[in-house]
Structures are given as C-alpha cells and as structure tokens.
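Chemist: sequence unknown, structure follows:
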C-alpha cells in the first residue's frame, strides 16, 4: 500500500499524484487530499486501487451521492477545478494561451437532471451500473434528479418490472416524465405500461437491449405519449426518452442565449451534429438559410415537428452523417456540437477547405475540443471567445461554448 498526496484533477475525473514510478491516477481522490491505496499498472498507466482517503478536504461534500458523482465537493469549490480542466487542455493540447471567460455555474447545483437511466437490482429497487466491472450499486435516492424524475424514481423502486433497465426523461416545463423499459418482452409489458401511465407517467416505450448502445435496437411504444415539451432558454422544443437532449435544460438555456449574441449573422448557416435542431432554431432569425444535419431519424422527426410548430420556414433538416458536410456547400457560419470524441477528420477537413467566416463550437469534452481548436488555428482560424459551462454539477464533466473566426 502507498500513501500519496493528490496534486490536481485531470480529465476523466481522476486525481493525479506523483510517484517514483511516474504519475498515478486516483479515482475519488481530490486535489490536496492524502490517500492510501494499491498501485496497479493497466495498459501502461498507473492507477491507485482500494483507495482510502486519509486526510479529506474540509470542503468535501458530506452527504450521500450516487457513484456517478465523482466530484464530491462543495459546489463553489467545483467550479475553479472545472475551469482549470478547460484551461489546462487548451494550453497542453492546443498549445494556446487564451483568457477564458469565467465559468458559468449551473442554475441548480442539485436537482438538475431531467434524464437518467438505472438498472433493475435483483433484490428490488434501482441501481447504478458501475462502469469498471458492471457491478450494481443499489440506490435509495438520487439527489441529482429534478423534481419530476425524483417522483418517478421513488415510484419505480416499488415496481417489480421484468426488465433490465429503466430510462427516464422529464420536462421541467410540463412537470411530467416519459419512461423507457429496456429488456423483457414488449407483449408482457403492455399491461404494466398502462398501469404506469395511470399512475402519472406521460408515456412508456419498450426498447430492445443492444450492444451498440442506448436505444440502438428496436423501440416500440407501449402506451401514452412519445414526447414532452421542454423550455431551453428562449426556445421550447420536444424531448423524448429515446433520443439525446441536454439533461440540464436550465443551463442549456443560458448557453443558447449567450451563443445567439456571439455570431455575426449572414446568408447561410450550417449546424452539424444538430440533434433536434435547437441551435438552428435559435439562429434562424439571423440567417437567410439554416441547414441542420443529424443522423438520428428520431431526432430529425422531432426537429421537423418543432420547426413547423415554431413557423421557421428557413430551417431545413438533412438526415445524414456530419462527415458528408462537403456535399452541402459553403456557409457563413458552421455550428458544431459533437459527441465526446470531437470532430471527425472529415469534418475538420471540410472546415479547412470550405473556410466559413465563423465556427461556433459547443463541446462536451475539453480535451477533444482543444485538439480541434489547435487544428483549426493552424488552418487560419483564431479563437475569439471561450467560456466553460457547468451542465453536470458534482461530476468532472464540463461544457465549453466557443467561437472561432477566420483570420
């Protein structure tokens, strides 16, 4: 066993300490804490296992949190660490010294999540599936859940549903929740689905478990509604349990409002990785034509319905992969909101070839964002604005809103 002092927080939510063998990553260790554990080398990297905190930080959060909450600090102490992750990525990966705008905190430190997924525990109730070994951690409550989801969580703990997992999607605007039942037989779940809608759920769908990921297999509606209406700052848009939408709509609303004021306006705008087109809708009054590219059929279906409801005739959806962007021509503005892997080589090449005047980049991973910013800077773009946003309090995750302009 080895005793170490954690130096800093690094990507992935690990604490980092130094040993004579090199840097070591410590899950659950916070900067300044003294910890003890067993060093193990995995794939060339040192990790500390069987971690025991000997000297905790005085601002360590004292109340129970789910295992997904890997930053258990008083909220005001979390923000400088997250801002530091973004600044460090920019300097270390992009080799760029740039003054970030101060991090924007979440409007709610707790009770912010409007989407969640849990495993059914064999002894009853709901559980968090630990990513390292797929073990189940049984939960009595989850303080990160918004009020509609907290109600749903409490109710589902008492229901012996024959499924592998449950997925929840709520709306703060409507105060209601959609339920996804993953696994089991859809025929045997039709009666429980009706009963759950009678209990207060807005709608229930069934999903086939898939090794490709969440809701990547067959999906079948069982009873009730498929979508809810949610407010994201200046916009309202539909959300569903099957497709990705930001889980912290209050924080996303603030980001949208700031994003709207950053861009210059022009003739044509393109949004890649558009989802259901929130940013496209926001920018429609500033551009003659807006094209939203999204690969998910379900997200495009909701986006088209929202576009018609909002009366935005100049927004057009293109269902396809972001890699195909060069087929769509040139634009004054390109908006990017990619997954954690960041931009594909094809998208980076498209940007450097088509050379839009502005690139609005919303990132959910500071490291891949910094990699892409570095590549774009070498291609003639300058970073003119960057602000971290906290969408996921009590976790290491941090979003970045940024604008690059052609030099």
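Modeler: Cool, got the structure. Source: prediction; values computed, not measured.
Chemist: What average pLDDT does stretch 200-213 get?
Modeler: What stretch 200-213 shows for mean pLDDT is 90.
Chemist: Just the buried positions in that stretch, please.
Modeler: 201-207 (16 or more other Cβ atoms under 10 Å). (Glycine included, C-beta is placed from N, CA and C.)
Chemist: Pull up the distance across stretch 43-62, start to finish.
Modeler: 34 Å (Cα to Cα, to the nearest Å).
Chemist: Run through who's touching it.
Modeler: 1-4, 17, 19, 21-41, 72-74, 77, 394 (Cβ atoms under 8 Å, 6 or more residues apart in numbering).
Chemist: domains in this structure, as residue ranges please.
Modeler: As assigned by automatic domain parsing, the chain contains the domains 2-58, 81-108+248-406, 115-230.
Chemist: so who does the nearest residue to residue 324 once chain neighbours are set aside touch?
Modeler: In this structure, residue 324 finds its nearest non-sequential neighbour in residue 293, 7.7 Å apart by Cβ to Cβ, 6 or more residues apart in numbering. Contacts of residue 293 were listed using Cβ under 8 Å, 6+ apart, and they are 270-274, 317-322, 324-325, 328.
Chemist: So which of the residues you listed belong to helices?
Modeler: Counting by DSSP state H, the contacts of residue 293 place none of their members in helices.
Chemist: So of the buried residues of stretch 200-213, which two are at opposite extremes in space?
Modeler: 202 and 207 (16.6 Å; Cβ to Cβ).
Chemist: isn't residue 248 right up against residue 112?
Modeler: Yes: between residue 248 and residue 112 there is a contact at 4.8 Å, judged by Cβ atoms under 8 Å.
Chemist: who touches both of these two?
Modeler: Common neighbours of residue 248 and residue 112 are listed as residue 106 (criterion: Cβ under 8 Å, 6+ apart).
Chemist: okay, the two: which has more neighbours?
Modeler: Using other Cβ atoms under 10 Å, the more surrounded residue of residue 248 and residue 112 is residue 248, with 26 against 22.
Chemist: So which residues of the stretch 251-400 of the chain form strands?
Modeler: 266-272, 287-294, 315-319, 333-336, 358-363, 381-389, 399-406 (DSSP state E, counting those that start in this stretch).
Chemist: okay if I get the ones you listed as TSV plus distance to residue 95?
Modeler: Formatted as TSV, the strands of the stretch 251-400 of the chain follow (distance: least, Cβ to Cβ, whole Å):
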stretch	distance to residue 95
strand 266-272	25
strand 287-294	30
strand 315-319	35
strand 333-336	21
strand 358-363	17
strand 381-389	12
strand 399-406	15
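Chemist: Can I get those in TSV including mean pLDDT and distance to residue 104?
Modeler: Below are the strands of the stretch 251-400 of the chain laid out as TSV (pLDDT from 0 to 100; distance: least, Cβ to Cβ, whole Å):
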stretch	mean pLDDT	distance to residue 104
strand 266-272	97	21
strand 287-294	97	25
strand 315-319	97	27
strand 333-336	98	19
strand 358-363	98	13
strand 381-389	98	5
strand 399-406	98	8
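Chemist: Of the ones you listed, which is nearest residue 303?
Modeler: Using Cβ to Cβ, the nearest of the strands of the stretch 251-400 of the chain to residue 303 is strand 315-319, at 5.5 Å.
Chemist: one step back: residue 102: which of the buried residues of stretch 200-213 is nearest?
Modeler: The nearest one, if we look at these relative to residue 102 and count by Cβ to Cβ, is residue 202, at 37.7 Å.
Chemist: Quick check: bridge partners of the nearest residue to the closest one once chain neighbours are set aside?
Modeler: Counting by Cβ to Cβ, 6+ apart, residue 176 is the residue found nearest to residue 202 once chain neighbours are left out, at 4.3 Å. Judged by DSSP bridges, the bridge partners of residue 176 are residue 171.
Chemist: how about the nearest residue to residue 242 once chain neighbours are set aside, secondary structure?
Modeler: Leaving aside its chain neighbours, residue 242 sits nearest to residue 215 (4.6 Å; criterion: Cβ to Cβ, 6+ apart). Per DSSP: H, G, I helix; E, B strand; the rest coil, the secondary structure class of residue 215 is coil.
Chemist: all helices for the stretch 1-150 of the chain, in order.
Modeler: 75-92, 147-156 (DSSP state H, counting those that start in this stretch).
Chemist: that older thread, weed out the non-buried ones from the contacts of stretch 43-62.
Modeler: Buried members of these, scored by 16+ other Cβ under 10 Å, are 4, 17, 24-26, 28-33, 35, 37, 39, 72-73, 77, 394.
Chemist: Give me the subset of those residues lying in strands.
Modeler: Applying DSSP state E to the buried ones among the contacts of stretch 43-62, the entries found in strands are 4, 17, 24-26, 35, 37, 39.
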